[in-house]
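In: With the sequence up front, the predicted model follows.
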Amino acid sequence: MAQKQHKKESPSHIAYRFFFIFLGASLAALSIERLLVPNQIIDGGVIGVSLILDYLIPDDWSFFNFATLVILLNAPFMYFGYKQIGKTFMFSSIVGIICLAVAERFFHHFKPLTTQPILATVFGGLALGLGVGLVIRHGGSLDGTEILGILLTKKLPFSVGEFVMFMNVFIFSWAAFVFGMEQAMYSVMTYYIAFKTIDMVIEGLDETRAALIVSDRYKEISDAILHRLGRGTTKLLGKGGYTDEQKEVIYAVVTRLEVTKLKAIVNEIDPDAFITIMLTHEVKGAKFKSAIH
């Protein structure tokens, strides 16, 4: 049997992806060099380790600067993680890391944007999170810590998230000894702000909710959602766990602002209906935004 051939990515889409990877890496470098480093604030992961080592290594060893360190420290993760993350992701990550290193050297010659630690923490975390989020959203990575976590947690009784958290506790504890407790606390705040910003960039700004509605009056509810909210519905076939009775389940996706109106519609038609509202991370579809109210 012939092996199925995967559709190749078009050159225009490759250029589109790498533009945003370059933009994201440049934003991260701007945050590091013009906001975080002048205030002795670090991020977690490989970037954080590279910043600490760059601070500790004597100036005479000019070769071992942040740009070189972030490439050298990420290289083993890229090599050993090749089979786990795939060729496309690995190549995109390598491009992103190199762009980060080059952009960091470029911004190294400019003056700090601020010397106020709290401003550096907030805006540094936002810019860093935006940059890293753009790189991840377009198929790459600037930090090999999660790749290491994926490799090790297959043999250890920890999740990837737990492993990354453990690594960052160690890194920020090290930062407390090197830069002092106050700077370490600023670093933790920066990491948290960056982490939340990354989530926002990856998941998108549009907050949507998915609703599951179980009701005997499913047809009326489905029609009302379509005509009064302008949202399409999907009817799923379910069965009651206790009664073993067949049920029609309505599945609908609405925006955060439409949740209250959706519940009002359901309650108006069937006050005894069972409804569950769930957070969704991303919705795709050309017709989703064209709702009528």
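Out: Received, thanks.

In: S31 versus L134, what's the distance?
Out: To S31, L134 is 12 Å away according to CB to CB, to the nearest Å. The way it works is simple: take the backbone N, C-alpha and C, and place the C-beta from them, glycine included.

In: more neighbours, the two?
Out: More crowded of L134 and S31, by other CB atoms under 10 Å: S31, with 28 against 24.

In: Could you list the low-pLDDT ranges of the stretch 151-293 of the chain?
Out: Filtered on pLDDT under 70, the stretch 151-293 of the chain yields the residue ranges 153-154, 159-161, 204-206, 281-293.

In: now for the longest helix along the chain, which elements pack on it?
Out: Identified as the longest helix of the chain according to DSSP state H is helix 181-203. Helix 181-203 sits against helix 117-137, helix 160-179, with contacts defined as 3 or more CB pairs under 8 Å, 6 or more residues apart in numbering; DSSP states H and E.

In: Dump the last one to PDB, restricted to CA.
Out: Read that as helix 160-179. Only the C-alpha atoms of helix 160-179 are listed here, as PDB (Å, rounded to 0.1, in the frame of the first residue of the first chain):
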ATOM      1  CA  VAL A 160       5.800  18.300  31.600                       C
ATOM      2  CA  GLY A 161       4.200  21.200  33.600                       C
ATOM      3  CA  GLU A 162       5.500  19.900  36.900                       C
ATOM      4  CA  PHE A 163       9.000  19.400  35.500                       C
ATOM      5  CA  VAL A 164       9.100  22.900  34.000                       C
ATOM      6  CA  MET A 165       7.900  24.300  37.400                       C
ATOM      7  CA  PHE A 166      10.600  22.400  39.300                       C
ATOM      8  CA  MET A 167      13.300  23.700  36.900                       C
ATOM      9  CA  ASN A 168      12.100  27.300  37.300                       C
ATOM     10  CA  VAL A 169      12.000  27.100  41.100                       C
ATOM     11  CA  PHE A 170      15.700  26.000  40.900                       C
ATOM     12  CA  ILE A 171      16.500  28.900  38.400                       C
ATOM     13  CA  PHE A 172      14.800  31.600  40.400                       C
ATOM     14  CA  SER A 173      16.400  30.300  43.700                       C
ATOM     15  CA  TRP A 174      19.700  30.600  41.900                       C
ATOM     16  CA  ALA A 175      18.800  34.100  40.800                       C
ATOM     17  CA  ALA A 176      18.200  35.000  44.500                       C
ATOM     18  CA  PHE A 177      21.800  34.100  45.400                       C
ATOM     19  CA  VAL A 178      23.200  35.900  42.300                       C
ATOM     20  CA  PHE A 179      21.100  39.100  42.100                       C
END
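
In: Now do that helix: everything it contacts.
Out: The contact list for helix 160-179, computed with CB atoms under 8 Å, 6 or more residues apart in numbering, reads 40, 42, 44-45, 48-49, 52, 55-56, 145-146, 148-150, 152-153, 156, 158, 183-184, 187-188, 191.

In: Please indicate which of those residues are buried?
Out: 40, 42, 44-45, 48-49, 52, 145-146, 148-149, 153, 183-184, 187-188, 191 (16 or more other CB atoms under 10 Å).
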